[in-house]
Each structure stands twice: as structure tokens, then as C-alpha cells.
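Trainee: The following comprises the amino acid sequence and a computationally predicted model.
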Amino acid sequence: DAKTTQPPSMDCAEGRAANLPCNHSTISGNEYVYWYRQIHSQGPQYIIHGLKNNETNEMASLIITEDRKSSTLILPHATLRDTAVYYCIVRPHYQTGANNLFFGTGTRLTVIP
Amino acid sequence: DGGITQSPKYLFRKEGQNVTLSCEQNLNHDAMYWYRQDPGQGLRLIYYSQIVNDFQKGDIAEGYSVSREKKESFPLTVTSAQKNPTAFYLCASSLRVGGNQPQHFGDGTRLSIL
């Protein structure tokens, strides 16, 4: 069952910030939010993950609302190479099985020159 | 550079033939996974391994087999029993199963039927 909802597509001008939203209203207290992206014909690339605090790494920032029911992935300065399908995934940290990466349909981000 | 290497990138299978997809990682990860991705769909887990000489079935293991004789390697065999093998196959690894360890993926093998 899909636990996240994302818009099917978004456009962003090159050099501007890309803000990708994700709703996860049924998230439970022990579930992390993960973001991956997939460029056509390549494997998914891990971007970032978080539990409740905002996170930042060299690729992106993850902003999680206080109630944890939604989050936003921010690519601060989008480039043409950021054009990809972006997936938001929730999974519990304690899970012993590995059926733990449900990739839904994601958001297709197109960066426009 | 550390990473996951899948080979070949493209593979063709004849009817009744078994084929083996290679997956090698040099990340020193204990856990490895095989997923299948069909056009326009998400990933489905085939098999995973938490440690050498151990592996578990995922959601769609029928028609597939794996081995984990070395920490770095987790080959997937698509047997003739798999009636619809055409798909994009992805191998992943993580430090361990569970916890909050992210999975890192290879670039996939695209399997087609001749």
C-alpha cells in the first residue's frame, strides 16, 4: 500500500530552488522519510533521509513538518542533471524484513534551461 | 570509487534458458537486495541477503534463485520457470537490513526475451 502522495510532475527553472512536496499523513512515530531519485535507465540514487528534524547534505535539504505528516525535498540550485523522477518513501527503522522500499510513481521533475 | 556494479547492462534470454545477472559491491555492506522494476511501476523485492551464506525470499521470488558465497557478490539467476522475465533488474546494498540504513543501487540490468 502506498504510504506517500506526491504530485506526478513539476517543472523548475535552472538555477532556481526545486521544492518537491510529499504527503505522508499516516506516518507512524518510528518511520523515517527517505528520498531517492531515478534518472531514466539508471538505478535509484539515494538523496537524503530523516525522522523528525530537518536534514541537509551536499545534495539537498529535507524539511519535515512538526506533525510529520508532510515533508519537502529542496534542491537549492537545480541543474539540468537534476531532471529525474523523485521518490518519497517511508519505512520503520526497526523493520527486520527487507520489503521496505515501496517506490510509488514519484514526481517527475523537469529542469528547464 | 566505492559502489555497486551490475553486469551486463543488457541481457537477452531464449525460451527455456537460465540466465545469471551479476552484482558486486565494494562498500563492505552486509545486506544485499535484488529488485525488479517494470515500466511505469515501482520496485518489487525478489530476494535479499543479510549476511554471507544467508538469503531470504522477497515478495516475488518464484522463478528466481540467488547465492551469497562472498560478501561482495550476490548473483541472481532468472530461471526458465519465470514466465515473464522481461524487466529492469536492480541490485542494492546497505550496511545492514533494517535500521535507518539507506540502500544504494547499481545501474541495473535490462533483461529481454528473444
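Mentor: Everything's here; your move. Numbering: from 1, shown residues only, chains lettered A, B, ... in the order given.

Trainee: where does chain A have its least confident helix or strand?
Mentor: Counting by mean pLDDT, DSSP states H and E, chain A has its least confident helix or strand at strand A:84-92, which shows a mean of 89.

Trainee: just checking, what packs against the helix or strand following it?
Mentor: Under the assignment DSSP states H and E, the closest C-terminal helix or strand after strand A:84-92 is strand A:107-112. Applying 3 or more C-beta pairs under 8 Å, 6 or more residues apart in numbering or on different chains; DSSP states H and E, we find strand A:107-112 packed against strand A:9-13, strand A:18-23, strand A:84-92. For every residue, glycine as well, the C-beta is placed using N, CA and C.

Trainee: neighbouring strands for strand A:107-112, and are they parallel or not?
Mentor: Sheet pairing of strand A:107-112 (DSSP bridges) gives strand A:9-13 (parallel), strand A:84-92 (antiparallel).

Trainee: can I have the longest one written out in PDB, keeping just the CAs?
Mentor: Once non-C-alpha atoms are left out, strand A:84-92 reads as follows in PDB (Å, rounded to 0.1, in the frame of the first residue of the first chain):
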ATOM      1  CA  ALA A  84      14.600  12.800 -12.800                       C
ATOM      2  CA  VAL A  85      11.800  11.000 -11.100                       C
ATOM      3  CA  TYR A  86      11.900  11.700  -7.300                       C
ATOM      4  CA  TYR A  87      10.500   9.200  -4.900                       C
ATOM      5  CA  CYS A  88       9.500   9.800  -1.300                       C
ATOM      6  CA  ILE A  89       9.300   6.700   0.900                       C
ATOM      7  CA  VAL A  90       8.500   6.000   4.500                       C
ATOM      8  CA  ARG A  91       9.700   2.900   6.400                       C
ATOM      9  CA  PRO A  92      10.200   2.000  10.000                       C
END
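
Trainee: Okay, buried residues for that strand please.
Mentor: Residues A:84, A:85, A:86, A:87, A:88, A:89, A:90, A:91, A:92 are the ones in strand A:84-92 that count as buried (16 or more other C-beta atoms under 10 Å in any protein chain shown).

Trainee: what's the closest non-adjacent residue to the residue positioned nearest the centre of chain B?
Mentor: Of all residues in chain B, the one closest to the mean position by C-alpha atoms, centre = their mean is residue B:34, 2.8 Å from it. Distances taken as C-beta to C-beta, 6 or more residues apart in numbering or on different chains place residue B:46 nearest to residue B:34, at 4.3 Å, with adjacent residues excluded.
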